[in-house]
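1. whatever this is, show me its structure:
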Amino acid sequence: MNKPVLQHHIESAKWVGPDDPGSSESGLVHCTRMPPEASREQPVPVVVMLHGWGGGESVMWIFKKTVPAGVAAITPRAPITVDEGQFIWFTYAGEKLRPAPDTFEQALTKLHRFLTSLPRLYPVDLSRLVLIGFSQGAAIGNAYAIKFPGSLVGIASLAGAIPHLPDLNFQTGSLTGLAVFIAHGIRDEILPLSVAHHSREIYADLGATVTYGEYSTAHKMNPQAMKDLKIWLNNVFSK
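-> This next block holds a predicted model:
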């Protein structure tokens, strides 16, 4: 059933597997962690964390410590299986920044269904939604933010990029008010630093408020990046 091994720091998380009604309703297997004060009468903000290539719903819990108290954390499993316990959001059309349009569009549709189902399943406030994506998860998160302007209050792109897709609407000013956090390793061997520069330029042109950081690491986040992400999240949810 590909049940994840939940580490000690997320032992209070709930796994919503393929046989769970929540998985059927949302369309994706996922893990959730709700603040104790969350209720239907007082829904809480929510962070949805999107894993990269070959990951699963448990791998992004390393970022749970950056999520402020009183904020729900949810991690979906990508829809395409590539190996036992390994999942992806989409395939590529020959290069890392050019997704295969059919699988990418299907991933966006599934992610949209998942996100919009959350208030029916959990006491969360979708008007205070932040996405955190790593690598391929950042690519799908960035595309979602651009395709559905106004749907997020924040997007964190970690070691990610804005993919090359002809139908994304890059309309100047369309993301005014959106908080964006971009973090990239200067020694990233998977996605060069230049893609982070490109993402920063696009988001700035779209009117977003961009917090940008380069870190002395490869295709991952180091402790300083985690600290900066935590500060950014606290600022986003304090407004």
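2. what's downstream of the lengthiest strand in the chain, the next helix or strand?
-> The longest strand of the chain (DSSP state E) is strand 124-134. Remark: after strand 124-134, the chain's next helix or strand is helix 136-147, criterion DSSP states H and E.
3. if you count neighbours, what's buried in the worst-scoring helix or strand of the chain on mean pLDDT?
-> Sorting the helices and strands of the chain by mean pLDDT, DSSP states H and E puts strand 92-95 at the bottom, at a mean of 79. Neighbour counts over strand 92-95 (16 or more other C-beta atoms under 10 Å) mark Tyr92 as buried. Heads up, the C-betas are built off the backbone N, CA and C, glycines and all.
4. residues in contact with the next helix or strand after that strand?
-> Downstream of strand 92-95, the next assigned helix or strand under DSSP H and E is strand 98-99. Applying C-beta atoms under 8 Å, 6 or more residues apart in numbering, the external contacts of strand 98-99 come out as 90-93, 139, 163-165.
5. output the contacting helices and strands for the least confident helix or strand of the chain.
-> Packing contacts for strand 92-95, counted by 3 or more C-beta pairs under 8 Å, 6 or more residues apart in numbering; DSSP states H and E, involve strand 98-99.
6. shaky segments in this protein?
-> Applying pLDDT under 70 to the chain flags the ranges 1-12, 95-96, 166-167.
7. which one's the longest helix in it?
-> Criterion DSSP state H: the longest helix present in the chain is helix 101-121.
8. contacts for that helix, please.
-> Defining contact as C-beta under 8 Å, 6+ apart, one finds that helix 101-121 is touched by 22, 25-28, 30, 43, 46, 48, 50, 74, 76, 78-80, 89-91, 93, 124-126, 129, 140, 143-144, 147-148, 151, 163, 165.
9. strands along the protein, start to end?
-> 14-16, 30-33, 44-50, 72-76, 80-83, 86-88, 92-95, 98-99, 124-134, 154-158, 179-185, 209-215.
10. hang on, the earlier thing: please name every helix or strand in contact with the longest strand of the chain.
-> Packing partners of strand 124-134 (3+ C-beta pairs under 8 Å, 6+ apart): strand 44-50, helix 101-121, helix 136-147, strand 154-158, helix 223-237.
11. sort out which residues of the second one are buried, please.
-> When neighbours are counted by 16+ other C-beta under 10 Å, the buried residues of helix 101-121 are found to be 103-105, 107-108, 110-111, 114-115, 117-119, 121.
12. now, the most widely separated pair of these?
-> Spanning the widest gap among the buried residues of helix 101-121 are Thr103 and Pro119, at 27.3 Å by C-beta to C-beta.
13. next, Val29: phi, psi?
-> When read as degrees, to the nearest 10, the backbone of Val29 gives phi -60, psi 140.
14. okay, now it: neighbour count?
-> Per other C-beta atoms under 10 Å, the neighbour tally for Val29 reads 25.
15. cool, and Ala78?
-> Neighbour count of Ala78, defined by other C-beta under 10 Å: 27.
16. one more: the one 4 residues further on?
-> Neighbours of Val82 under the rule other C-beta under 10 Å: 12.
17. list the contacts for the closest residue to it other than its chain neighbours?
-> Spatial nearest neighbour of Val82, chain neighbours left out: Ile88 (5.4 Å); criterion: C-beta to C-beta, 6 or more residues apart in numbering. Contact analysis of Ile88 by C-beta under 8 Å, 6+ apart lists 53-54, 78, 80, 82, 136.
18. swap the cut-off to 6 Å and go again
-> Residues counted as contacts of Ile88 (C-beta atoms under 6 Å, 6 or more residues apart in numbering) are 53, 78, 80, 82.
19. pull up the gap between the third one and Ser39, please.
-> Going back to what we said before, that points to Ile80. Distance of Ile80 to Ser39, computed by C-beta to C-beta, to the nearest Å: 35 Å.
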